[in-house]
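Engineer: Predicted model, plus sequence, below.
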Amino acid sequence: MNRRHVLIASAVWLTLAAPALAQAPQTARPKASEIPSPADTYAELFHQVQMRKLFPDGKTFVDASPKRPPAQILAAYRAHATFTDAELKRFVTANFVVPQSTPAPPPSKDRTTLKAHIAALWPVLTRPPVKAVDGDSALPLDKPFVVPGGRFREMYYWDSYFTLLGLAADGRTEAVENMVDDFGGLIDRYGHIPNGTRTYYLSRSQPPFYFAMVGLADKTDKARFKARLDLMRREHAFWMDGEKTLAPGQAYRRVVALPDGAVLNRYADDRATPRDESYREDVLTAREVADRPAGEVFRDLRSSAESGWDFSSRWLADGKSLKTIQTTSIIPIDLNALIYGLETAIAQGCADLADAPCVAEFSGRAKARRTAMDAYLWDAPRGLYLDYQWRERARLDHPSAATLYPLFVGAASADQAKAVTASTRALLLAPGGLRTTTVSTGQQWDTPNGWAPLQWVAVSGLRRYGEEALAKDIGERWLATVDREYRASGKMLEKYDVEEAKAGGGGEYPLQDGFGWTNGVTRALLELYPAP
């Protein structure tokens, strides 16, 4: 290990207990920043467990539950001068309840219909309410919820919107209301919805689909709807924190002020340390980067996780190598489209409640955002919405399925929608569904992989603009891919290879089955395009 590597390793755990907020103006830290993650709590013990790779999956230890107070565990660890790997593993198993690999849902032996198989999976993936335990990373939740499956033992933010689509299609209205309430409780407790319901996810959120979840829920109870509308406004405030303090060319947390004074959003995790659940991987990645501070690399890796696209050529300066990651320098089209959707949903909700000042504010915000999206993110010659590198003032030539998000939320004009439709058919339509990007890098959010949420965003957005033919084409190709794999293995997978209509690959962990958002999107698509 050379001197730079030693410095990175030393700096990492020494700074874990002092997570840094993003650059620029000082404001009060969010309440979530006061809650320690496992890396904060277990300090050098955590560092050794993760760097020695005592468990094949870096998520194992961060999900472990302590058998006694954390301070006692750390004191006992510090009382020993050194541990061999075997001794350290014995220490961990003696002091923690280490989660075992979650059994995969049993493959369907009789290969019933996809609808029947998905209906049978909901109880398998449902978990009871959670109570907080000192030293445990699980966040409390008041009501039952559905998990994605596999290594994903907790409730995840953007996954859950797509899961809810299937629950709603299956008439499981109580489950829908329970999960919308759980997400509202997270906003109420922490000021935002974290990536997932673990302490180590609190420094970041994920693509903001809460407004769309509320759209699936019951609206007849006016008091409950108003409470949810208020929570949507709180979430909007989280994403826009710092907007009033920026001069053109500055960024703070998740907002960027552009040269003309317009404000758009980026992904930006509040910490500049390795991700707890992928700690070793992040430390090793930072070691490969000679020309940037490790903290910058860590924040960009974390921010990519906030995007949900971890990892993708979209975030890579050279379009190929993870060590060139630049997530916080990018204004993403999907994020800004979703915040436009949030703003329009708030304006509509306030109109329903006859709150004229709110309608005026959020209608104005949505209009300004759409104007800025057209100026910075719309590439008319290409007929695509593209991400923008705000530091270099350049639109990025990285076509991806994110181009369909403005259609999903109604931010595109009729002409823009028609152009996106043509570009999507030419660039992104694969034999087995919608491609994620047009390049193959080995990262899981690049071709040949296709993902359930992107299929739904595309189908829903295209249908919104009357582009039924391409919507149906994408939907039916995707359903055929899912059904083909189900017939072969009896499984519902996290992702699929849409070039060859088979199981997907790539990423930091093995392919997972279960699988919440695939079940949800498949079930919703079967309502639109029933099997013959």
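Structural biologist: Everything's here; your move.
Engineer: So what touches stretch 357-364?
Structural biologist: Contacts with stretch 357-364, where a contact means CB atoms under 8 Å, 6 or more residues apart in numbering, come from 233, 343-344, 346-347, 350-351. All C-beta spots, glycine's among them, are computed from the backbone N, C-alpha and C.
Engineer: Show me the residue at the heart of the protein, geometrically.
Structural biologist: Gly308 (3.0 Å; CA atoms, centre = their mean).
Engineer: what's that residue sitting at in phi/psi?
Structural biologist: Backbone torsions of Gly308, given as degrees, to the nearest 10, read phi 90, psi -20.
Engineer: Low-confidence ranges, this protein, go.
Structural biologist: Along the chain, the model assigns pLDDT under 70 to residues 1-31, 102-109, 532.
Engineer: helix, strand or coil for the spatially most distant residue from the centre of the chain?
Structural biologist: What lies farthest from the middle of the chain is Ala81; by CA atoms, centre = their mean that is 40.0 Å. Put simply, Ala81 is coil when judged by DSSP: H, G, I helix; E, B strand; the rest coil.
Engineer: which residues touch it?
Structural biologist: Ala81 neighbours (CB under 8 Å, 6+ apart): none.
Engineer: where's it relative to Glu508, distance?
Structural biologist: 33 Å (CB to CB, to the nearest Å).
Engineer: Next: Met492.
Structural biologist: For Met492 relative to Glu508 (CB to CB), the value is 21 Å.
Engineer: In terms of neighbours, single out the busier of the two.
Structural biologist: Each of Met492 and Glu508 has its neighbours counted (other CB atoms under 10 Å); Met492 has more, 25 against 16.
Engineer: Pretty sure that one sits against Gly520.
Structural biologist: No. At 10.1 Å, Met492 and Gly520 do not qualify as touching, with contact defined as CB atoms under 8 Å.
Engineer: Could you list every helix and strand that the one helix or strand Ala471 maps to packs against?
Structural biologist: Taking DSSP states H and E as the criterion, Ala471 maps to helix 468-489. For helix 468-489, the packing partners by 3 or more CB pairs under 8 Å, 6 or more residues apart in numbering; DSSP states H and E come out as helix 114-125, helix 414-427, strand 429-430, strand 433-434, helix 452-464, strand 496-497, strand 502-503, helix 516-528.
Engineer: Pick the most buried one from the ones you listed.
Structural biologist: strand 433-434 (a mean of 28; mean count of other CB atoms under 10 Å).
Engineer: what does the helix or strand following it contact?
Structural biologist: The helix or strand immediately downstream of strand 433-434 is strand 449-450, counting by DSSP H and E. Outside strand 449-450, the residues within contact range by CB under 8 Å, 6+ apart are 430, 432-436, 478, 481, 495-498, 504-506.
Engineer: what do you get for stretch 426-439?
Structural biologist: 309, 312-314, 319, 398-401, 403, 424, 445-451, 454-455, 458, 470, 473-474, 477-478, 480-481, 496-502.
Engineer: switch to 7 Å and redo it
Structural biologist: Contact with stretch 426-439 is made by 312-314, 319, 398-401, 445-447, 449-451, 454-455, 458, 473-474, 477-478, 481, 496, 498-499, 501, as judged by CB atoms under 7 Å, 6 or more residues apart in numbering.
Engineer: again, but for stretch 482-501
Structural biologist: So stretch 482-501 is in contact with 107-109, 111, 114, 117, 121, 430-435, 444, 447-451, 480-481, 502-505, 511-515, 518-519, 522, going by CB under 7 Å, 6+ apart.
Engineer: Same question for stretch 277-291.
Structural biologist: With CB under 7 Å, 6+ apart as the criterion, stretch 277-291 contacts 5, 8-9, 12, 39, 50-51, 53, 58-59, 62, 200, 274-275, 294, 297-298, 301, 322-323, 508.
Engineer: Could you pull out the buried residues of that stretch?
Structural biologist: 277-279, 281-283, 285-287, 289 (16 or more other CB atoms under 10 Å).
Engineer: And stretch 321-341, by the same measure?
Structural biologist: 322-341.
Engineer: CA-only coordinates of that stretch, as CSV, when you get a sec.
Structural biologist: Extracted in CSV, the C-alpha atoms of stretch 321-341 (Å, rounded to 0.1, in the frame of the first residue of the first chain):
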residue,chain,number,x,y,z
SER,A,321,-14.5,4.2,-16.2
LEU,A,322,-16.0,4.5,-12.7
LYS,A,323,-12.9,6.4,-11.6
THR,A,324,-14.1,9.3,-13.7
ILE,A,325,-17.4,9.6,-11.9
GLN,A,326,-18.8,13.2,-11.8
THR,A,327,-22.4,12.8,-10.7
THR,A,328,-22.6,16.1,-8.7
SER,A,329,-21.5,18.0,-11.8
ILE,A,330,-24.5,16.8,-13.8
ILE,A,331,-28.0,18.2,-14.0
PRO,A,332,-30.0,15.0,-14.8
ILE,A,333,-33.1,15.1,-17.0
ASP,A,334,-35.0,12.5,-14.9
LEU,A,335,-34.6,14.3,-11.6
ASN,A,336,-35.7,17.6,-13.0
ALA,A,337,-38.7,16.1,-14.7
LEU,A,338,-39.8,14.4,-11.5
ILE,A,339,-39.5,17.7,-9.5
TYR,A,340,-41.6,19.3,-12.3
GLY,A,341,-44.1,16.6,-11.7
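Engineer: Just checking the distance from it to the centre of its chain.
Structural biologist: 12 Å (CA atoms, centre = their mean, to the nearest Å).
Engineer: try stretch 504-511
Structural biologist: Worked out by CA atoms, centre = their mean, stretch 504-511 lies 16 Å from the chain centre.
Engineer: and the buried residues of stretch 321-341, which of them are in helices?
Structural biologist: Secondary structure from DSSP state H places 333-341 of the buried residues of stretch 321-341 in helices.
Engineer: Spatially nearest residue to Ile331, not counting backbone neighbours?
Structural biologist: Spatial nearest neighbour of Ile331, chain neighbours left out: Tyr388 (4.3 Å); criterion: CB to CB, 6 or more residues apart in numbering.
Engineer: quick one, what contacts the one you found?
Structural biologist: 330-331, 376-377, 395-396.
Engineer: nearest to Asp142, of the contacts of stretch 357-364?
Structural biologist: For the contacts of stretch 357-364, the residue nearest Asp142 by CB to CB is Arg233; the value is 21.3 Å.
Engineer: burial of Ala380, as a residue count?
Structural biologist: 10.
Engineer: same question, Tyr190
Structural biologist: Other residues close to Tyr190 by other CB under 10 Å number 18.
Engineer: That one and Glu34, how far apart?
Structural biologist: Distance from Tyr190 to Glu34, by CB to CB: 10 Å.
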